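K.L.:
Using only what follows, build the 3D model:
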Amino acid sequence: MEGAISKPPYTRRIAVVTGGNKGIGLEVCRQLASDGVTVVLTARDEKRGADAVEKLKALGLCDILFHQLEITDSSSIAALADFLKTRFGRLDILVNNAAVSGVEHVQEVDTNEEKFNGMDLNQRLEWVLKNIRDTVDGAKKSIQTNYYGTKHVIDTLLPLLQSSNGGRIANVTSAYGLLRRINNEEIRQELDDIENLTEERLDELLGKFLKDFEADALEMHGWPVGLAAYKVAKAAMNAYSRILARRNRALRINCVHPGYVKTDMSMSSGVLTPEEGARSVVNVALLPDGGPTGAYFAMGQEASFV
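P.N.:
Have a look, this model is predicted:
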């Protein structure tokens, strides 16, 4: 309409961080906001998410907003996309941090971190594996959340990232998602053959994993055990990230392992602080134009998916 006043474009970069209310996610939000990025902190629980935003604002970081997000709920993801489109018209950075372990604790966890004094990294990992139990329901939840939930978030927000002049996706992964964790050579090769791997084939492989899990046949078919579904879901998301990077050359789409961090998921057995782990994630989220895409970063260095 003639004489209408147009809304000026939003000039600051906009980032969405999933699972942003605690641990690595909260620290990613803090560091991005400190770097001058407008951060949309998301979490399943509205109170915890809103409290996290207030905690960051108390540090003097004002350009942070909260939006509820349950990554396994398509309506929740759609609501976030509508909010971003209406408020900003685009998205510059997506950090997919939300995840579940998909396991049960075999006993009440001792929260005293002093028990880890004198333990090296491998001993700490062994302690965790002795104190958890894989379950069928947990495995299904892990695959549904860590792979399909994250994938649905990416697919829904992709048009907004494509509207950015320099869209970035940083998928928080784990060394547990490396292909060496899978003993089945045929499956390893398929997951590494990015030129021929399809989303449909990934669905088939994940379906086969869950079928083998229910049949108590993981080792027989070369799947990992001990945090089995977490490892397979992360391996699948690594593969999907590489597929997506090939399709979207204008974006920077990468996977980043923050290291073994002291979080609820690691039962506080990690060797790094959330601040240290988040720095690796933020560095990948803020890669310069022309930087790597379809890559895996571990502890700040580009590395192999194998």
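K.L.:
Can you tell me the closest non-neighbouring residue to residue 222?
P.N.:
residue 184 (2.8 Å; Cβ to Cβ, 6 or more residues apart in numbering). Just so you know, the C-beta spots here come from the backbone N, C-alpha and C atoms, and that holds for glycine as well.
K.L.:
The one you found contacts residue 219, correct?
P.N.:
No: Residue 184 is not in contact with residue 219 according to Cβ atoms under 8 Å; the separation is 10.3 Å.
K.L.:
More neighbours: the two, which one.
P.N.:
residue 184 (15 against 12; other Cβ atoms under 10 Å).
K.L.:
low-scoring stretches of the stretch 151-300 of the chain, by residue?
P.N.:
For the stretch 151-300 of the chain, applying pLDDT under 70 flags no range at all.
K.L.:
if you go through it in chain order, where are the strands?
P.N.:
For the stretch 151-300 of the chain, the strands defined by DSSP state E, counting those that start in this stretch cover 168-172, 252-257, 296-298.
K.L.:
Out of the ones you listed, which is closest to residue 55?
P.N.:
strand 168-172 (20.6 Å; Cβ to Cβ).
K.L.:
quick one: buried residues of the closest one?
P.N.:
168, 169, 170, 171, 172 (16 or more other Cβ atoms under 10 Å).
K.L.:
got a list of what the fourth one touches?
P.N.:
Just to be clear, that refers to residue 171. 96, 150, 237, 238, 241, 253, 254, 255, 256 (Cβ atoms under 8 Å, 6 or more residues apart in numbering).
K.L.:
can you map out the helices along the stretch 201-306 of the chain?
P.N.:
With helices called from DSSP state H, counting those that start in this stretch, the stretch 201-306 of the chain shows them at 228-247, 274-285.
K.L.:
okay, these, which one's buried deepest?
P.N.:
Stretch with highest mean neighbour count among these: helix 228-247 (a mean of 24; mean count of other Cβ atoms under 10 Å).
K.L.:
That one vs strand 168-172, what angle?
P.N.:
Relative orientation of helix 228-247 and strand 168-172, computed by axes from the mean of the first three to the mean of the last three Cα atoms, to 10 degrees: 160 degrees.
K.L.:
For helix 228-247, enumerate the helices and strands it packs against.
P.N.:
Applying 3 or more Cβ pairs under 8 Å, 6 or more residues apart in numbering; DSSP states H and E, we find helix 228-247 packed against helix 136-142, helix 150-162, strand 168-172, helix 185-192, helix 199-214, strand 252-257.
K.L.:
Go again with 6 Å.
P.N.:
helix 136-142, helix 199-214, strand 252-257 (3 or more Cβ pairs under 6 Å, 6 or more residues apart in numbering; DSSP states H and E).
K.L.:
So which of the ones you listed is the most surrounded?
P.N.:
When those are compared using mean count of other Cβ under 10 Å, strand 252-257 is most buried, at a mean of 26.
K.L.:
now for that one, which elements pack on it?
P.N.:
With contacts defined as 3+ Cβ pairs under 6 Å, 6+ apart, the packing partners of strand 252-257 are strand 168-172, helix 228-247, helix 274-285, strand 296-298.
K.L.:
Determine how far stretch 190-203 lies from the middle of the whole chain.
P.N.:
Distance of stretch 190-203 from its chain centroid, counting by Cα atoms, centre = their mean, to the nearest Å, is 20 Å.
K.L.:
Can you check the distance spanned by that stretch, start to finish?
P.N.:
End-to-end span of stretch 190-203 (Cα to Cα, to the nearest Å): 13 Å.
K.L.:
Same list (the strands of the stretch 151-300 of the chain) but as TSV, adding distance to residue 108.
P.N.:
Putting the strands of the stretch 151-300 of the chain into TSV (distance: least, Cβ to Cβ, whole Å) gives the following:
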stretch	distance to residue 108
strand 168-172	28
strand 252-257	29
strand 296-298	32
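K.L.:
Out of those strands, the one nearest residue 188 is which?
P.N.:
The nearest among those, by Cβ to Cβ, is strand 296-298 at 14.8 Å.
K.L.:
Pairing partners for the closest one, with directions?
P.N.:
Note on strand 296-298: by DSSP bridges, its sheet partners are strand 252-257 (parallel), strand 301-303 (antiparallel).
K.L.:
Mind putting those strands into JSON lines with distance to residue 270?
P.N.:
JSON lines is the format used below for these (distance: least, Cβ to Cβ, whole Å):
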{"stretch": "strand 252-257", "distance to residue 270": "12"}
{"stretch": "strand 301-303", "distance to residue 270": "19"}
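K.L.:
closest to residue 276 out of the ones you listed?
P.N.:
strand 252-257 (12.6 Å).
K.L.:
And for that closest one, what's in contact with it?
P.N.:
By Cβ atoms under 6 Å, 6 or more residues apart in numbering, the residues outside strand 252-257 that reach it are 168-171, 173-175, 238, 241, 244-245, 280-281, 284, 287, 291, 293, 295-298.
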